[in-house]
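**Student:** sequence plus the predicted model coming up.
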Amino acid sequence: MSRGCGENDWLGAERGVSDAPCLRIASVSQSFGKVEALKDVSLEVPEGRFVALLGVNGAGKTTLFSLITRLYDNVSGTVEVCGHDVRREAGPALAQLGVVFQSRSLDMNLTIRQNFRYHAALHGIGAREARRRGDEVLERVSLLDRAEAKVATLSGGQVRRAEIARALLHDPKLLLLDEPTVGLDVQSRLDVVAAVRALVAERQVGVLWATHLFDEVDDSDQVVVLHKGSVLASGKASEIAGDDGLSAAFLSMTGASKAEIAV
Amino acid sequence: MSLERLNWRGRLTCFLGIVWREAVRFAKQRERFLAALVRPLVWLFIFAAGFRSILGISIVEPYQTYVLYEVYVTPGLCAMIQLFNGMQSSLSMVYDRETGAMRTLLVSPYPRWFLLSSKLMAGVAVSVLQVYAFLAIAYFWEIQPPLIGYILVLPALILSGMMLGAMGLFLSSAIKQLENFAGVMNFVIFPMFFASSALYPLWRMRESSTLLYDICRFNPFTYSVELIRYALYAQVNWTALAVVVGVTILFLGAAIYAYDPSKGLIGRKR
């Protein structure tokens, strides 16, 4: 396995494009009118690593995700997925990208399998192949028995796990999750986190996990602290946490109140 | 994922997937299908029956004899089905945008113009089916255009569906939030429908008001109606064809521009 973004073709042979990280963001700024949503943000997600993007609401996490997913273009700086600039090579960049949005994006009236078939088609994968891959990932998130269930009948945690499975259908090298555990009960949250960590380890996918919940971060994770559009710190979680723990370190860094981070 | 899938075969899979999803959703919403069918039938069975005694239609092209009002109004009702369909699908795009389903579509690695056009075509396919269902019922109400007309009307329906869908698509990029359908109905559908040649020939309109006549002439929906009317009687109205194609290109271009990540409007407004 190469360290960078190896791109597998149909036969599974490696063409190892480069040693580029799964995600590279360099000096990106973004404003909406007078509001500066992002100020000179840089970060990297290496292959197979779990990177937590910590920030309170309004820190700029969703704006950053919108730029990576090319909802709108970055005006300054660079966003690269596996070495492909999202503006100049949008197709190859988006092809390597799996996303779980903050809002629910499965079609409630369709079954999981139908949703998967649609999503796979959007990535050029035919129906039969979609079913095979779908069943494989559903098995991993313990939802295979619900494959024919309408999404509307699933619980919040199940929907999230199905969305994560769907995001992996086309074998992306980078997985983005925008506050995936919001609104879930404790047990479902833990299930979702565990599912993603298992999949990262298994598939060597790089993960950028946006959250404001510190207990979702492990000591060995990379952490990027985003506050009011700027990166305040980045490094290994245990190093940033120091002796007082991650949440105390975050509070002193950002001056945010306990209520804002809702621990 | 493999980059090979970005080729044309992958695109075809993508296009078929988008149409397939629309078809499945459509099949699940039987009420929507019925509503779309009942609306023009009410116009045909009740409104047209009442009007027929008041409004005699003299010989206008493409008809070769005097026609009953029901016969005259049928192509307009076909276009009305497509008008409603185009606007409804545009509203569902706004809804999709709010729920995040739109973003699922837009993170597909294929070009955005391709995704939006595919979505548009999927909507057109549904509207064409609805029109044929309506024409089938109308046949038993003695609206019986020549058999060849049923075939020739297909390209006309596709084109006019594209035009109305493209207008809806553009509208969906301009609508900030999901408001109820009534707003679109009052400000888009009704004015377009009434100020057109769907319900009365334009020369009649000129008799009552030249201003209204001019408004009707500048209403793209008029050309949608005329294109369908002529095609149904195995003729081509070249003016209508040109206008419909032109307006389609204009609005589709505008919609693609609006959804373009570097220029567009989507997401910028938060």
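**Tutor:** That came through fine. Numbers count the residues shown, from 1 in each chain, chains lettered A, B, ... in the order given.
**Student:** which residue is nearest the centroid of chain A?
**Tutor:** Nearest to the geometric centre of chain A sits A:L176, at 1.6 Å (C-alpha atoms, centre = their mean).
**Student:** Three-state assignment for it, please.
**Tutor:** The three-state assignment at A:L176 reads strand, by DSSP: H, G, I helix; E, B strand; the rest coil.
**Student:** identify the residues contacting it.
**Tutor:** A:65, A:68-69, A:97-100, A:207-208, A:210 (C-beta atoms under 8 Å, 6 or more residues apart in numbering or on different chains). Quick note: C-beta positions are derived from backbone N, CA and C, even for glycine.
**Student:** chain A versus the closest residue to B:L171 other than its chain neighbours, what's the distance?
**Tutor:** Leaving out its chain neighbours, the residue that sits closest to B:L171 by C-beta to C-beta, 6 or more residues apart in numbering or on different chains is B:S90, at 4.9 Å. Applying C-beta to the nearest C-beta, to the nearest Å, the value for B:S90 to chain A is 18 Å.
**Student:** contacting residues for whichever residue of the stretch 51-200 of chain B sits closest to chain A?
**Tutor:** When scored by C-beta to the nearest C-beta, the stretch 51-200 of chain B has B:G100 as its residue closest to chain A, at 3.4 Å. Counting by C-beta under 8 Å, 6+ apart, B:G100 touches A:101-105.
**Student:** helix, strand or coil for the nearest residue to the residue nearest to the centre of chain A once chain neighbours are set aside?
**Tutor:** Leaving aside its chain neighbours, A:L176 sits nearest to A:V99 (4.7 Å; criterion: C-beta to C-beta, 6+ apart). Secondary structure for A:V99, judged by three-state DSSP, is strand.
**Student:** report the contact partners of A:V99.
**Tutor:** Counting by C-beta under 8 Å, 6+ apart, A:V99 makes contact with A:65, A:69, A:167, A:175-178, B:103, B:107.
**Student:** quick check, nearest of those to A:P92?
**Tutor:** Nearest to A:P92, judged by C-beta to C-beta, of those is B:V107 at 13.3 Å.
**Student:** let me know how buried the closest residue to B:V107 other than its chain neighbours is, in neighbour terms.
**Tutor:** Leaving out its chain neighbours, the residue that sits closest to B:V107 by C-beta to C-beta, 6+ apart is A:T69, at 5.0 Å. Neighbour count of A:T69, defined by other C-beta atoms under 10 Å in any protein chain shown: 23.
**Student:** could you tell me how many residues sit around B:R97?
**Tutor:** Burial measure for B:R97: 21 neighbouring residues, criterion other C-beta under 10 Å.
**Student:** quickly find the element holding it.
**Tutor:** helix B:69-99 (DSSP states H and E).
**Student:** how far off centre is whatever helix or strand A:E136 lives in?
**Tutor:** Taking DSSP H and E as the definition, one finds A:E136 inside helix A:127-140. Centroid separation between helix A:127-140 and its chain, computed with C-alpha atoms, centre = their mean, to the nearest Å, is 20 Å.
**Student:** just the C-alphas of that helix, formatted as PDB.
**Tutor:** The C-alpha trace of helix A:127-140 is given here as PDB (Å, rounded to 0.1, in the frame of the first residue of the first chain):
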ATOM      1  CA  ALA A 127     -27.200  -1.400 -10.600                       C
ATOM      2  CA  ARG A 128     -25.800  -4.900 -10.100                       C
ATOM      3  CA  GLU A 129     -22.400  -3.700  -9.000                       C
ATOM      4  CA  ALA A 130     -24.200  -1.200  -6.700                       C
ATOM      5  CA  ARG A 131     -26.100  -4.000  -5.000                       C
ATOM      6  CA  ARG A 132     -23.000  -6.000  -4.400                       C
ATOM      7  CA  ARG A 133     -21.000  -3.100  -3.000                       C
ATOM      8  CA  GLY A 134     -24.000  -1.900  -1.000                       C
ATOM      9  CA  ASP A 135     -24.600  -5.200   0.700                       C
ATOM     10  CA  GLU A 136     -20.900  -5.400   1.600                       C
ATOM     11  CA  VAL A 137     -20.900  -2.000   3.300                       C
ATOM     12  CA  LEU A 138     -24.300  -2.500   4.900                       C
ATOM     13  CA  GLU A 139     -23.000  -5.600   6.500                       C
ATOM     14  CA  ARG A 140     -20.100  -3.600   8.000                       C
END
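**Student:** name the residues that touch that helix?
**Tutor:** Contacts of helix A:127-140 (C-beta under 8 Å, 6+ apart): A:112-113, A:116-117, A:119-121, A:125, A:144, A:146-147, A:162, A:165-166, A:168-169, A:171, A:195, A:198-199, A:202.
**Student:** list only buried entries from those residues.
**Tutor:** Neighbour counting by 16 or more other C-beta atoms under 10 Å in any protein chain shown classes A:112-113, A:116-117, A:119-121, A:125, A:146-147, A:162, A:165-166, A:168-169, A:171, A:195, A:199 among the contacts of helix A:127-140 as buried.
**Student:** is there a quick ChimeraX command that grabs whichever of the contacts of B:G100 are buried?
**Tutor:** Restricted to buried positions by 16+ other C-beta under 10 Å, the ChimeraX selection for the contacts of B:G100 reads:
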select /A:101,102,104,105
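**Student:** contacts with chain B among the contacts of B:G100, please.
**Tutor:** Among the contacts of B:G100, the ones lying close to chain B by the criterion of C-beta under 8 Å from any C-beta of the partner chain are A:101-105.
**Student:** can I get those in TSV with secondary structure and distance to A:P46?
**Tutor:** Listed next are those as TSV, based on DSSP: H, G, I helix; E, B strand; the rest coil; distance: C-beta to C-beta, whole Å:
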residue	secondary structure	distance to A:P46
A:F101	coil	23
A:Q102	coil	24
A:S103	coil	28
A:R104	coil	30
A:S105	coil	27
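**Student:** chain center to stretch B:114-133, what's the gap?
**Tutor:** In terms of C-alpha atoms, centre = their mean, the centre of stretch B:114-133 is found 9 Å from the chain centre.
**Student:** next one: stretch B:212-225
**Tutor:** Using C-alpha atoms, centre = their mean, the mean C-alpha position of stretch B:212-225 is found 15 Å from that of the whole chain.
**Student:** check which residues of it are buried.
**Tutor:** Buried-residue list, stretch B:212-225, by 16+ other C-beta under 10 Å: B:213, B:216, B:219-225.
**Student:** what is the end-to-end distance of that stretch?
**Tutor:** Its first and final residues considered, stretch B:212-225 spans 17 Å by C-alpha to C-alpha, to the nearest Å.
**Student:** and for stretch B:184-196?
**Tutor:** 17 Å.
**Student:** who are the packing partners of the helix or strand following the helix holding B:R97?
**Tutor:** Where DSSP H and E defines the elements, the next helix or strand beyond helix B:69-99 is helix B:101-106. When contacts are defined as 3 or more C-beta pairs under 8 Å, 6 or more residues apart in numbering or on different chains; DSSP states H and E, helix B:101-106 packs onto helix A:112-122, helix B:69-99, helix B:112-139.
**Student:** please convert these to JSON lines, extending it with mean pLDDT and distance to B:R11.
**Tutor:** Compiled in JSON lines, these are given as follows (pLDDT from 0 to 100; distance: least, C-beta to C-beta, whole Å):
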{"stretch": "helix A:112-122", "mean pLDDT": "95", "distance to B:R11": "10"}
{"stretch": "helix B:69-99", "mean pLDDT": "86", "distance to B:R11": "21"}
{"stretch": "helix B:112-139", "mean pLDDT": "92", "distance to B:R11": "7"}
